[in-house]
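Asker: I would like to see how this sequence folds:
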Amino acid sequence: MDQPYIYNPYPDYESEDWKAAHGAAHVPCKGPTGALVEDIMVFKGHPHDFPDESFGSYDLLNMDKNLCFERETRLGMYGLKHQMNKDGSALDWDNVNWGDLQRKCLGLNQARFDLKGKANPYLDAAYPPHNATRSAEKAQEHPLILPVDDVEPTEDLRREQDAERRRRRRGLVRRLEAKNSTVTEPRTAVLLRSYTGKRYSENDKQNIRSLITELALRSGGEFQVFLLVHVREDDIAIWDDEETYQWVLNEHVPREFHGITTLWNNEAVWKVYTALTDENERSVHSAQWLSVQKFSQDHPEFDYIWNWEMDARFTGHHYDFLGKLDTFAKKQPRRGLWERNERYYIPQLHGVYDTDFRKIVERVSGKETVWGAPNLPFVNPVGPKPPVSKPEQDNYEWGVGEEADLITLGPIFNPVGSDWVIRDHVWGYKDESHKSTDLPRRTTIVTQSRVSKRLLDIMHVENLRGNHVASEMTPQTVALLHSLKAVFAPHPVFFDRPWNGTFLDAWFNPGPKGTAGGEGSAMGWGRERRYQGSTWYYRTEPPMRMYNNWMGYEDTEIGGERWEAKKGRPCLPPIMLHPIKDVRQTEPGFKSEYSLAFG
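Answerer: All right, here's what the predicted structure looks like:
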């Protein structure tokens with residue numbers, strides 16, 4: 001019965017405040033229909049009797065919890081509903097080239113960014129040289145930006161260029177032309193992790209289109225989305241010739257996404273990281289960050305990289321969410337940060353995050369707190385040293401305003417003593433007096449996270465040295481060892497049962513001094529069933545069930561055409577859901593694979 005409204009979480013690019021803080025103007029970009037990108041719609045309100053967050057907080061992240069997203073206004077423009085081109089013809093998604101759209105958009109906005117980046121400053125002659133492979137060559141053949149002058153001069157483009165010239169004459173973009181302008185905006189690559197053999201559902205495609213549109217096109221190139229595809233067949237020589245590379249794209253990637261795809265295989269990363277010789281150590285299971293690190297070395301123009309799980313979904317607006325995570329992380333002081341990171345924040349129990357929760361954590365942690373890098377003879381920290389010798393001498397000032405080198409969506413916990421199955425997967429990081437398993441380390445379950453170029457640069461160097469830890473521990477541990485800023489951003493997580501705060505704390509923060517790690521950890525062997533009813537973990541039931549219902553399919557005797565005829569289309573507040581494996585029409589009484597797995 002209610003009417004949706006346009007949801008616009010972007011800065012006011014035409015405001016004097018935004019222009020004064022940036023070195024060049026924002027130029028709007030076109031989407032797949034040939035028209036300028038439009039915003040999605042949202043409803044005000046929330047589902048009746050929808051529970052409060054169990055972990056995390058909307059208020060803490062400054063997110064509006066009184067929003068309700070439903071499928072047609074959220075995903076309609078990305079293919080869920082029939083779309084028309086600007087000229088009135090039907091949009092054929094197979095003929096959309098998302099790579100060109102992003103490059104053209106960046107070409108219009110190139111004065112806002114440093115498109116060259118800086119070389120890895122931590123490399124020296126003592127380390128093996130970086131081996132260029134066919135992927136790096138292809139990056140040069142197909143540059144990330146397509147200059148405006150190289151775009152086919154259609155009538156619409158001529159009008160767009162004329163309008164841009166008029167804006168320049170009026171002086172609205174004088175900073176763009178000023179030779180002494182040094183203000184550039186950071187850029188972020190979003191790497192969607194995929195693999196050969198994956199079947200892309202229509203919902204997968206809609207999700208990718210929404211990420212590109214909301215993050216890259218609407219922001220004018222602040223983000224750029226890539227498919228980072230693992231070619232799992234080692235006998236396919238993707239670097240030998242263009243035909244083989246193109247064959248893999250044709251066989252394994254929808255045509256509309258060919259222009260955003262970067263292929264990689266074991267050969268590509270093993271040629272770089274020759275000091276990693278153990279087969280288990282360098283396998284994608286234990287070393288999934290190698291491909292991300294190599295991407296960062298090949299593309300140093302990106303200040304940050306989001307490692308994005310293909311089976312994750314956000315029901316809200318992507319730009320709004322990532323911006324809120326960044327803002328939260330940036331304002332966090334370093335004092336007590338590693339201790340806050342290693343436990344779930346439960347609002348109904350812990351109170352206000354920046355006061356009550358902070359005091360609770362400091363009281364139970366006592367003197368056992370991380371303050372700068374640990375003193376290890378075989379690690380030379382590259383991060384900053386604490387401004388004072390003891391954390392209690394700092395008035396929660398160090399780190400405030402500092403960008404986070406790592407943002408995670410789960411606790412950054414200590415795996416030692418946790419019974420987590422790969423807690424001791426550590427290679428190198430030792431000397432005569434230290435065993436590898438003595439290494440201080442941290443981990444996060446689910447690797448979806450944002451990593452800075454600085455952290456990726458030093459991860460790259462550590463691997464060149466032969467130092468390595470398993471995938472879920474890699475950025476967390478390197479950040480700890482090098483005194484870099486790491487932040488667990490407590491986004492809202494829900495459970496399908498009304499557990500109170502005291503029980504949640506005992507069940508999910510059971511470790512020493514109320515941490516999520518250590519002895520008794522819920523991430524330990526045989527205890528992960530506790531996450532069965534949550535909305536964010538790698539083995540949970542509600543995400544698939546909720547998402548099927550949200551998309552209009554029946555799951556566990558809820559949702560579907562007959563259900564919606566009585567109740568209407570479901571809507572959800574902005575929630576991160578994981579895992580979402582396969583969205584499809586289902587039969588009455590259907591139970592998802594996760595429902596069946598848990599019985």
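
Asker: can you give me the strands in the stretch 201-350 of the chain?
Answerer: Applying DSSP state E, counting those that start in this stretch to the stretch 201-350 of the chain gives strands spanning 223-230, 261-264, 304-309, 313-314.

Asker: do you know how far D311 is from K485?
Answerer: 28 Å (Cβ to Cβ, to the nearest Å). Any C-beta I mention is one placed from the backbone N, CA and C, and that applies to glycine too.

Asker: Neighbour count: the two, which is higher?
Answerer: Just comparing D311 and K485: by other Cβ atoms under 10 Å the higher neighbour count belongs to K485, 24 against 17.

Asker: residues contacting the more buried one?
Answerer: Applying Cβ atoms under 8 Å, 6 or more residues apart in numbering to K485 gives the contacts A329, Q332, R334, L337, G383, G399, E402, E403, A404, D405, L406, A479.

Asker: How many neighbouring residues does the third one have?
Answerer: Each residue near R334 was counted by other Cβ under 10 Å, and the total is 24.

Asker: Same question for S194, what's its three-state structure.
Answerer: Three-state call for S194 (DSSP: H, G, I helix; E, B strand; the rest coil): strand.

Asker: make that P28, sorry
Answerer: Applying three-state DSSP: P28 is coil.

Asker: In contact with it, which residues?
Answerer: So P28 contacts L36, V37, G220 (Cβ under 8 Å, 6+ apart).

Asker: Quick check: the gap between it and Y531.
Answerer: 42 Å.

Asker: Okay, helices next: where are they in the stretch 51-200 of the chain?
Answerer: Using DSSP state H, counting those that start in this stretch, the helices of the stretch 51-200 of the chain run over 71-75, 98-108, 134-141, 155-169, 174-177.

Asker: Just give the number of residues close to the residue lying closest to K324 once chain neighbours are set aside.
Answerer: In space, and not counting its chain neighbours, K324 is closest to L61: 4.5 Å by Cβ to Cβ, 6 or more residues apart in numbering. Counted with other Cβ under 10 Å, residues neighbouring L61 total 21.

Asker: Find me the pLDDT at L61, would you?
Answerer: Looking at L61, its pLDDT stands at 98.

Asker: what does R358 give?
Answerer: On the pLDDT scale, R358 gets 97.

Asker: again with D149
Answerer: In this prediction D149 is given a pLDDT of 43.

Asker: same thing with K435?
Answerer: 89.

Asker: measure it to A216 for me?
Answerer: Counting by Cβ to Cβ, the gap from K435 to A216 is 45 Å.

Asker: If you count surrounding residues, which of these two has more?
Answerer: Neighbours per residue (other Cβ under 10 Å) separate K435 from A216, with A216 holding more: 27 against 10.

Asker: these two touch, right, the more buried one and G99?
Answerer: No. Using Cβ atoms under 8 Å, A216 makes no contact with G99, being 10.5 Å away.

Asker: residues of stretch 359-371 that come out buried?
Answerer: I360, V361, E362, S365, T369, V370, W371 (16 or more other Cβ atoms under 10 Å).

Asker: hang on, the earlier thing: from F69, how far out is the residue nearest to K324?
Answerer: Distance from L61 to F69, by Cβ to Cβ: 16 Å.

Asker: for the residue nearest to K324, what are its contacts?
Answerer: K324, L325, T327, F328, A489, P490, H491.

Asker: Please tell me I have it right and the last one contacts L325.
Answerer: By that I understand H491. Yes. With contacts counted by Cβ under 8 Å, H491 reaches L325, the gap being 7.3 Å.
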